[in-house]
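Asker: Using only what follows, build the 3D model:
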Amino acid sequence: MDPLLFAILCLVVLLVLVFIGVPVALSIFSVAIVGMVAVMGERFMLAQVKSLIFAASSNYAFAVVPMFVLMGEIAGSSRIISDLYMACYRWIGALRGGVYNATVLASAGFAAISGSTVVNAAVFTRVALPEIERLGLNRAFGVGCIAASGTLAAMIPPSLTMVLYGILTDVSIGKILVAGILPGFLTAAMLMLTVWISALMRRDLMPAKVETFTLREKTAGLVEIWPAMMLAAIIFGGIYTGTVSPSAAGTIGVAGALLIAVLKRRMTLAMLGVSVRQAVIISAALFVIILAGMLFSRLLLVSGAVIGLTDIIATSGIGYWTFIAAVIVIYFVMGMFIDPVSMMVITLPFLYPTARSLGVDPIWFGIIVVKLVEIAAITPPIGINLFAVISASGGRVTSREAFVGVLPFVAAELVVLGLLLSFPAISTYLPGTMM
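Answerer: Below you'll find the predicted structure:
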């Protein structure tokens, strides 16, 4: 069979398995294993499975995944989020749209010590949504704001999405993490601008009575959060200056988050056990998907599909921007039905080699992919962050509220995407100055 036709068949079978409810990792593994047996035989397949599992499990760089996950779990269970939200609320809550923007600002702060968008969205739902309801503000807009703010954890380091991109493409994890700093804060600024403009046009986004706080109360809020912000600065600075590797930064982050929780007397042995257990479950699930994706990539390579695709693009005259436009369309369509991690694992084995053959910068391409993944996380009907918010609300939020409320923020994300496409230096400047 023609290699490209074989690859298309594998992809169709894979998508069918995912749509009918087969777990993503099992779907990818099944297609990869059957495909390798069909192309190269059973012995080759067994050798590849053994070598890939050993290579991945013995790779020190992979230690960054459980460390970043555990850091986020400890930070979440020690009520750092509540401190961040209240500190931001005391300073900007009285401004137009300030209640919602406190959520955006606090989410950006928590994203710097937590790499999971789902955790970010779910925990902020429990913290910010009661305040929005207490003040009688528009709940649908608030739900959309919380879900969109949660995606900041995909761009601002330490981001598990960035780490996954680095693992799947063999791009420097340190560089891709640093590359997300400016786009991440640009996204936060655009979300806050969206809230402010919306609050100018809609009265239901401002409380009937504005709460004010004294300078002493505002300062006390900053005192509560400075250890967490110092921890984020140490992680950023360590990776940027080359003082520590991303894996070591994750370990420092876990130690720092645990120290903060203990000093604030918010962590017991039972709570630590729950955090460790959750981190193990999440990390194990991610590793299984990563291994499946690596095996699927190897299948496409040995079958000749990757080489065939790059040759066709090279000879057909498909341009740089035509390819980027196709990538955007692919992620928009798939993002409406497949979760972001699975989408990256399925598509990058095709798209990344093609991008490199066209001379696309791997760091910039990674930022674009992560931005598209962010948008997918809040795009109805299967935006994973939307369902995280709905689930965390305990039934108070309907799907319709979430789908309608998030639309202004999807528009804001599209504006940021346009800026990143127009000005690649936003993504590539900081990695180019790393020590």
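
Asker: helices and strands of the protein: which one has the lowest mean pLDDT?
Answerer: Ranked by mean pLDDT, DSSP states H and E, the weakest helix or strand in the chain is helix 305-316, scoring a mean of 73.

Asker: Pop out the phi and psi values for the closest residue to residue 377 other than its chain neighbours.
Answerer: Sequence neighbours aside, residue 385 is the residue nearest to residue 377 in space, at 4.5 Å (criterion: C-beta to C-beta, 6 or more residues apart in numbering). Using the backbone N, CA and C atoms, a C-beta is placed for each residue, glycine as well. Torsion angles at residue 385 (phi, psi; degrees, to the nearest 10) stand at phi -70, psi -30.

Asker: Over to residue 93?
Answerer: phi -60, psi -30.

Asker: Roughly how far does it sit from residue 87?
Answerer: From residue 93 across to residue 87, the span is 10 Å (C-beta to C-beta, to the nearest Å).

Asker: So which of these two has more stuff around it?
Answerer: residue 87 (26 against 22; other C-beta atoms under 10 Å).

Asker: Neighbours of the nearest residue to the more buried one once chain neighbours are set aside, how many?
Answerer: Distances taken as C-beta to C-beta, 6+ apart place residue 221 nearest to residue 87, at 3.4 Å, with adjacent residues excluded. When neighbours are counted by other C-beta under 10 Å, residue 221 registers 20.

Asker: other SSEs contacting the strand or helix carrying residue 221?
Answerer: If you go by DSSP states H and E, residue 221 is part of helix 215-241. Here helix 215-241 touches helix 80-92, helix 98-111, helix 173-179, helix 246-263, going by 3 or more C-beta pairs under 8 Å, 6 or more residues apart in numbering; DSSP states H and E.

Asker: Please name whichever of those helices is nearest to residue 165.
Answerer: Nearest of these to residue 165, taken as C-beta to C-beta: helix 173-179 at 6.0 Å.

Asker: and the next element down the chain from that closest one?
Answerer: helix 181-201.

Asker: Give me the buried positions along that next one.
Answerer: Buried residues in helix 181-201, counted by 16 or more other C-beta atoms under 10 Å: 181-188, 190-192, 194-196, 198-199.

Asker: Next: stretch 163-171.
Answerer: Buried positions in stretch 163-171, judged by neighbour count with 16+ other C-beta under 10 Å: 163-169, 171.

Asker: can you tell me how far the residue nearest to residue 87 sits from residue 123?
Answerer: From residue 221 to residue 123 the distance is 18 Å (C-beta to C-beta).

Asker: How many neighbouring residues does residue 414 have?
Answerer: Using other C-beta under 10 Å, residue 414 is surrounded by 15 other residues.

Asker: Need the per-residue pLDDT for it.
Answerer: On pLDDT, residue 414 comes in at 94.

Asker: what's the longest helix in the chain?
Answerer: Looking across the chain with DSSP state H, the single longest helix is helix 269-302.

Asker: Pull out the buried positions in that helix.
Answerer: In terms of neighbour count (16+ other C-beta under 10 Å), helix 269-302 has its buried residues at 272, 275, 278-279, 282-283, 286-300, 302.

Asker: and the residue nearest to the spatial centre of the chain, what helix or strand is that in?
Answerer: Central residue of the chain (C-alpha atoms, centre = their mean): residue 154, 2.4 Å from the mean position. Here residue 154, judged by DSSP H and E, is contained in helix 152-155.

Asker: same question, residue 381
Answerer: Applying DSSP H and E, one finds residue 381 in no helix or strand.

Asker: What distance do you get for the closest residue to residue 90 other than its chain neighbours to residue 324?
Answerer: Nearest residue to residue 90 in three dimensions, chain neighbours excluded: residue 213, at 4.4 Å (C-beta to C-beta, 6+ apart). Remark: distance between residue 213 and residue 324 (C-beta to C-beta) = 46 Å.

Asker: What about residue 228, how many residues nearby?
Answerer: Around residue 228 there are 23 residues (other C-beta under 10 Å).

Asker: so it touches residue 114, yeah?
Answerer: No. If you go by C-beta atoms under 8 Å, residue 228 and residue 114 don't touch, sitting 10.2 Å apart.

Asker: Tell me the residues that contact both of the two, please.
Answerer: Residues touching both residue 228 and residue 114 by C-beta atoms under 8 Å, 6 or more residues apart in numbering: residue 75.

Asker: Any idea how far the host helix or strand of residue 326 is from the middle of the chain?
Answerer: Using DSSP H and E, residue 326 sits in helix 320-335. Mean-position distance between helix 320-335 and its chain equals 18 Å (C-alpha atoms, centre = their mean, to the nearest Å).

Asker: Name the residues of it that come out as buried.
Answerer: In helix 320-335, counting by 16+ other C-beta under 10 Å, buried: 323-324, 327-328, 331, 334-335.

Asker: Many thanks, have a good one.
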